[in-house]
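Participant: What would the 3D arrangement of this be:
(one chain, ligands or ions: 2)
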Amino acid sequence: MTEQLIDTFGRRVDYVRLSVTDRCDFRCVYCMSEDMTFLPRSEVLTLEEIGLVARAFTELGVKKLRLTGGEPLVRRDITRLVSHIGQLPGLNDFAMTTNGASLRKLAPELVAGGLQRLNISLDSLDAELFRQLTRTGNLDKVIDGIRAARDAGFQRIKLNAVILKGRNDNEVLPLVEFAIAEGLDISFIEEMPLGDVSDHCRSETYCSSDDVKERIESRYRLTESAETTPGPSRYFSLENSPTRIGFISPHSHNFCGTCNRVRVTVEGRLLLCLGNEHSVDLRAVLRSYPGNIERLKQAILNAMPLKPERHHFTTDGDVQVVRFMNMTGG
Ligand code: SAM
Ligand code: SF4
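Facilitator: Ligands and ions are numbered 1, 2, ... in the order given. From the prediction side, this is the model:
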C-alpha cells in the first residue's frame, strides 16, 4: 500500500501548492508592498529541487498539485518544470495560478507540458483601476493572455478576484458578465491578513463573500452547486450559463475542518497551514542529502503532526502572519 499523508486530526493531505518564485512583474496592493526585497538566488530552490519535492509528494499519495508564487511564469525555464511534473504518475489534477500577463507567449508550451488547469487573477476590467490595484499591470495584456490560454486548449479556466470595499467592489458585476461572455468560471476571494501591505488598512477594505454574493444576486439567480471540494471554496451555478461562481471565504466561512492541503515556499519551507507559521525546512534535507527522495519523503511524513487544527484570521486589520502572500504561495 502506498504511504499516505494523514494529520493528527485525521485529515488526509492530497493537495500541495508549490511556490516556484517569490518574484513577480506585478505589485498587487493586497499582496505586496511597493518596495519589496526578494530572496537571494542561493536561498531559492532550484528547478531540480522543486521537481524532486513534487515527485516526493506524488509518491506520498498527493493527487493534486498547483504551481504558484509570486508569479510562476516569471521563473526562468518554468516550462521545463511543468513538463517534468506533468509526467509524474499519480497526479490527476495539475494546475497553476498566474496573473496571466505572460500567457500569450507561454500557454501552448504549458499545455504541451501537461498542465491541465489555470486560475488567472483579474480584479478589475477598468484599465486605470487595474493599474492602480496591480501597480504595474496592463489589463489588455492580461485579457489577451486569458484568450490565448483558451485558444491553446485550457478548459474551464477560472478567474480569481480579490474584492476590496471602496476599491473594486463595483467591479463584481462587470467581472461576472465578462466571465459569462468568455465562458470562464470565477471565484471571489476575501482578502487575507498576510504581510504588512502599507497601501490600505485591511479592516476598512474588508468585503465579505456575503456582500459580494448579494451584489451578484441583484442581477442573477445563484443555485448552490452540489459539488463540494475539501477547501475554502463554495460554488454556485447560474441560470442558463455554464459559468460557475465561487466564493473563497477564509474569514466568514471557516474551512479548516476539511483542509486537505499544504504549501511549499520557494525556500523549501513546508507550511502546514496558510494562517500559521508551523513549518519544516525541506531545503535543509534537499541540500544535506542531494537527490535522496526517501529522506525527503520521511521529512514530509514527519511534518504531518505539526499541521494545526485551524487558522485564526480576524478582520480587525492586524497583520496576523508576517509573511507576504507572494512568499506563501497563494
Ligand atoms: N501571481 C499569481 C496570481 O496573482 O495569480 C499567483 C500568486 S498569487 C499570490 C495567488 C492568489 O493569491 C491570487 O489570486 C491573488 O489575488 C491572491 N492573493 C494575494 N494576496 C492575497 C491576500 N492578501 N488575500 C487574499 N488573496 C490574496
Ligand atoms: Fe504578483 Fe500574484 Fe501577488 Fe499580484 S497577487 S503581486 S500578481 S504574486
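Participant: quick one: the helices in this protein?
Facilitator: Counting by DSSP state H, the chain has helices at residues 47-59, 78-86, 103-112, 127-134, 139-152, 172-182, 202-205, 209-217, 282-288, 293-303, 325-328.
Participant: For these, please prepare TSV with the additional fields distance to Asp14 and mean neighbour count.
Facilitator: (Each C-beta comes from the backbone N, C-alpha and C, glycine too.) Formatted as TSV, the helices of the chain follow (distance: least, Cβ to Cβ, whole Å; neighbours: other Cβ atoms under 10 Å):
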stretch	distance to Asp14	mean neighbour count
helix 47-59	9	21
helix 78-86	16	19
helix 103-112	23	19
helix 127-134	33	17
helix 139-152	26	18
helix 172-182	28	17
helix 202-205	31	16
helix 209-217	25	17
helix 282-288	18	18
helix 293-303	13	17
helix 325-328	20	25
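Participant: So which of these is nearest ligand 2?
Facilitator: Smallest distance to ligand 2 across the helices of the chain (Cβ to the nearest ligand atom): 4.4 Å, for helix 325-328.
Participant: residues in contact with the residue nearest to Arg150 when sequence neighbours are not counted?
Facilitator: Spatial nearest neighbour of Arg150, excluding adjacent residues (Cβ to Cβ, 6 or more residues apart in numbering): Ile157 at 6.2 Å. Ile157 makes contacts with Arg117, Leu118, Asn119, Ile120, Ile146, Ala149, Arg150, Leu184, Asp185, as judged by Cβ atoms under 8 Å, 6 or more residues apart in numbering.
Participant: Nearest to Arg27 among these?
Facilitator: The closest of those to Arg27 turns out to be Ile120 (Cβ to Cβ; 17.6 Å).
Participant: For that closest one, which non-adjacent residue is closest in space?
Facilitator: Using Cβ to Cβ, 6+ apart, the closest residue to Ile120 is Gly100 (4.2 Å).
Participant: count of neighbours near the one you found?
Facilitator: Residues within reach of Gly100, counting by other Cβ atoms under 10 Å, total 28.
Participant: Pretty sure it sits against Arg150.
Facilitator: No: between Gly100 and Arg150 there is no contact under Cβ atoms under 8 Å: 11.2 Å.
Participant: From Ile120, how far out is whichever residue of the stretch 51-200 of the chain sits closest to ligand 2?
Facilitator: Among all residues of the stretch 51-200 of the chain, Asn99 sits closest to ligand 2, at 3.6 Å; criterion: Cβ to the nearest ligand atom. Asn99 is 7 Å from Ile120, where distance means Cβ to Cβ, to the nearest Å.
Participant: can you check Asn168 too?
Facilitator: 16 Å.
Participant: One more: Asp25?
Facilitator: Taking Cβ to Cβ, one finds Asp25 at 14 Å from Ile120.
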